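> All I have is the shape, not the residue letters:
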């Protein structure tokens, strides 16, 4: 016989770790001051155990791996090519997808556009909002464009009511905006808490798998950590998409960090316009727009985002320091990596940078951690230090080791092809990749083995 007991438990707002007492640092994720106290209902079972004899008799049996039948997943095309790319071809039937990002980044706008395209294609869509009224959603919908007449809207936060409506109407796609506003009556905690978010997502997961309904949920991420972020839910959902970018800038980047039905680390590039989010078909050309001409400290490098090559401009500014300790600052790349590359320049190439301030920026607001941009960073720093402008039609990529060697990178041929498509004439890359890239390319391929080779070829 189960009996309910009410008690208090401490949850980590960052990872959802549970503790019976408050702790300053979470032992799971190592974050500080993230534990909050919540009231939960605990269930205790008697000596008979949690399973009855009938339940034990109906326990499923293991399946033989060789007898399992694989079927192609049914996908719904969203009508937005960049989103379909990140999802792996479209929305899988019965999947649960989490779209996370900072408030105001464009999550609700994107999903409303998805609902518009799906309803126009004849699919049954239900948009559930716990943050906006029907008139507010209508105002945003009028700005996006014309919607189909049979698209359904619902403003509700009670999960029990939402579950009954989904079972009654049986839509193909359900959008929950947002998961932090939903509450389950059986959980004795406030909406937005770790317990509510986790239990609510569990109910939605059962609905998606049991009824074959595709569910897309919105999750907010705040720097203060006052609400349960999507990291608590990542292990429960089928796909996790993150919106990146400055909310005050026009571009947005949708990145897939988890996908059970497709590749991860794919990105989709969007531009925020008056009518909503518009796809950016040529992301490299968009990122390179507005490049300065004949300016020192500017180099174009190529990075891979999933299977897509992306050209970005690396800017560096090196000047003599007026203080005893030089200042180093980076935007869009790893600070420690830039310091390491500058140390390689000093040790292996004799470039005296110890008394210089250095600022490195990835133009366009991209955040890149791939080592393939090492060679571009080094050339940009040297170009600014020598005050010599490099060839504006040249790109460079390659990983730089501690001995000053330029090491191979993956998918070099795709990077060269993308640069050639955008009209670049010279490509500097690791010498070991020349054989792979020089066969089909009409560009001038320059292979370098060390940083010193790259300096001599560029006249630095």
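That came in fine, so what should we check first? The model shown is predicted, which means the values in this text are computed figures rather than measured ones. Numbers count the residues shown, from 1 in each chain.
> For the rest of this, base every contact and every neighbour count on C-alpha atoms.
Fine.
> Not counting its own residues, what contacts the lengthiest helix in the chain?
The single longest helix within the chain, with elements called by DSSP state H, is helix 194-211. Residues outside helix 194-211 that contact it (Cα atoms under 8 Å, 6 or more residues apart in numbering) are 11-13, 16, 38, 40, 94-96, 159, 163, 170, 179-180, 182-184, 187, 189-191, 213-215, 227-228, 232-233, 236-237.
> Now, the residues you listed that are in helices?
159, 163.
> so residue 178 makes contact with residue 217?
Yes - counting by Cα atoms under 8 Å, residue 217 is a contact partner of residue 178 at 6.3 Å.
> next helix or strand past the host helix or strand of residue 374?
In the assignment (DSSP states H and E), residue 374 maps to helix 374-386. Later in the chain than helix 374-386, the nearest helix or strand by DSSP H and E is strand 394-396.
> Please identify the pairing partners of the following helix or strand past that next one and their relative orientation?
Reading on from strand 394-396 to the C-terminus, the next helix or strand found by DSSP H and E is strand 399-400. Counting by DSSP bridges, the strands paired with strand 399-400 are strand 406-407 (antiparallel).
> which residues does residue 311 contact?
284-285, 287-288, 300-303, 418-419.
> Swap in 6 Å and give it another go.
Counting by Cα atoms under 6 Å, 6 or more residues apart in numbering, residue 311 touches 284, 301-302.
> what are the phi and psi values for the closest residue in space to it that isn't next to it in sequence?
Distance criterion Cα to Cα, 6 or more residues apart in numbering; nearest residue to residue 311, sequence neighbours excluded, is residue 302 at 4.5 Å. Note on residue 302: its backbone torsions stand at phi -120, psi 130 [degrees, to the nearest 10].
> Can you report how many residues neighbour residue 302?
By other Cα atoms under 10 Å, 26 other residues sit near residue 302.
> Likewise for residue 200?
With other Cα under 10 Å as criterion, residue 200 counts 22.
> quick one: it and residue 94, what's the gap?
For residue 200, the distance to residue 94 equals 17 Å [Cα to Cα, to the nearest Å].
> cool, residue 294 as well?
From residue 294 to residue 94 the distance is 54 Å (Cα to Cα).
> Give me the more crowded residue out of these two.
Remark: of residue 294 and residue 94, residue 94 carries more neighbours, 23 against 12, as counted by other Cα under 10 Å.
> Now do the contacts for the more buried one.
Residue 94 touches 208-209, 212-214, counting by Cα under 6 Å, 6+ apart.
> again, only using 10 Å
Neighbouring residues of residue 94 by Cα atoms under 10 Å, 6 or more residues apart in numbering: 73-75, 172-173, 205-215, 238.
> Weed out the non-buried ones from those residues.
The neighbour count (16 or more other Cα atoms under 10 Å) marks 75, 172-173, 205, 207-208, 211-215, 238 as buried among the contacts of residue 94.
> Reformat the residues you listed as JSON lines; add distance to residue 68.
Converted to JSON lines, the buried ones among the contacts of residue 94 look like this (distance: Cα to Cα, whole Å):
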{"residue": "75", "distance to residue 68": "21"}
{"residue": "172", "distance to residue 68": "26"}
{"residue": "173", "distance to residue 68": "28"}
{"residue": "205", "distance to residue 68": "23"}
{"residue": "207", "distance to residue 68": "24"}
{"residue": "208", "distance to residue 68": "22"}
{"residue": "211", "distance to residue 68": "22"}
{"residue": "212", "distance to residue 68": "20"}
{"residue": "213", "distance to residue 68": "23"}
{"residue": "214", "distance to residue 68": "24"}
{"residue": "215", "distance to residue 68": "26"}
{"residue": "238", "distance to residue 68": "21"}
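> Pick out the lowest-pLDDT one from these.
Taken together, the buried ones among the contacts of residue 94 show their lowest pLDDT at residue 75, with 86.
> just the contacts of residue 311 now: which is nearest residue 143?
The shortest approach to residue 143 among those belongs to residue 284, at 28.4 Å (Cα to Cα).
> how many other residues sit next to the closest one?
20.
> Can you classify it as helix, strand or coil?
When classified by DSSP: H, G, I helix; E, B strand; the rest coil, residue 284 comes out as helix.
> Distance of residue 344 relative to residue 446?
21 Å.
> And the two? Which one has more around it.
residue 344 (21 against 17).
> OK, contacts around residue 297?
The neighbours of residue 297, taking Cα under 10 Å, 6+ apart as the test, are 314-318, 360, 377-390.
> any idea how far it lies from residue 218?
Residue 297 sits 40 Å away from residue 218, going by Cα to Cα.
> Repeat that for residue 84.
Counting by Cα to Cα - residue 84 and residue 218 are separated by 17 Å.
> can you pull out the helices in the stretch 351-460 of the chain?
Remark: helices assigned in the stretch 351-460 of the chain by DSSP state H, counting those that start in this stretch are 374-386, 412-421, 434-437, 451-458.
> Next, the buried residues of the last one.
Spelled out, that is helix 451-458. Neighbour-count burial for helix 451-458 flags 451-452, 454-455, 458 (criterion: 16+ other Cα under 10 Å).
> As JSON lines, those with pLDDT would be great.
Shown next, in JSON lines, are these (pLDDT from 0 to 100):
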{"residue": "451", "pLDDT": "95"}
{"residue": "452", "pLDDT": "94"}
{"residue": "454", "pLDDT": "95"}
{"residue": "455", "pLDDT": "94"}
{"residue": "458", "pLDDT": "92"}
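> what's the closest of these to residue 350?
Relative to residue 350, the closest of the buried residues of helix 451-458 is residue 452; by Cα to Cα it sits at 9.9 Å.
> Skip the chain neighbours and tell me the closest residue to the closest one.
Using Cα to Cα, 6+ apart, the nearest residue to residue 452 is residue 349, at 6.3 Å.
> And for residue 318?
Using Cα to Cα, 6+ apart and skipping the chain neighbours, the partner closest in space to residue 318 is residue 358 (4.5 Å).
> List the residues that contact the one you found.
By Cα under 10 Å, 6+ apart, the neighbours of residue 358 are 316-321, 326-330, 338-339, 342, 381, 384-385.
> could you flag which of the residues you listed are buried?
316-319, 327, 329-330, 338, 342, 381, 384-385.
> ok, so of those, who is nearest residue 408?
So of the buried ones among the contacts of residue 358, ranked by how close each gets to residue 408 (Cα to Cα), first place is residue 338, at 18.9 Å.
> Wait, a helix at the closest one?
Yes - per three-state DSSP, residue 338 lies within a helix segment.
> how far away is it from residue 345?
Taking Cα to Cα, one finds residue 338 at 11 Å from residue 345.
> Any idea which residue is closest to the centre of the chain?
Nearest to the geometric centre of the chain sits residue 255, at 3.2 Å (Cα atoms, centre = their mean).
> Spatially nearest residue to it (excluding sequence neighbours)?
residue 267 (4.4 Å).
> for residue 256, same thing?
residue 241 (4.5 Å).
> and that neighbour, how many neighbours does it have?
Residue 241 has 26 nearby residues by other Cα under 10 Å.
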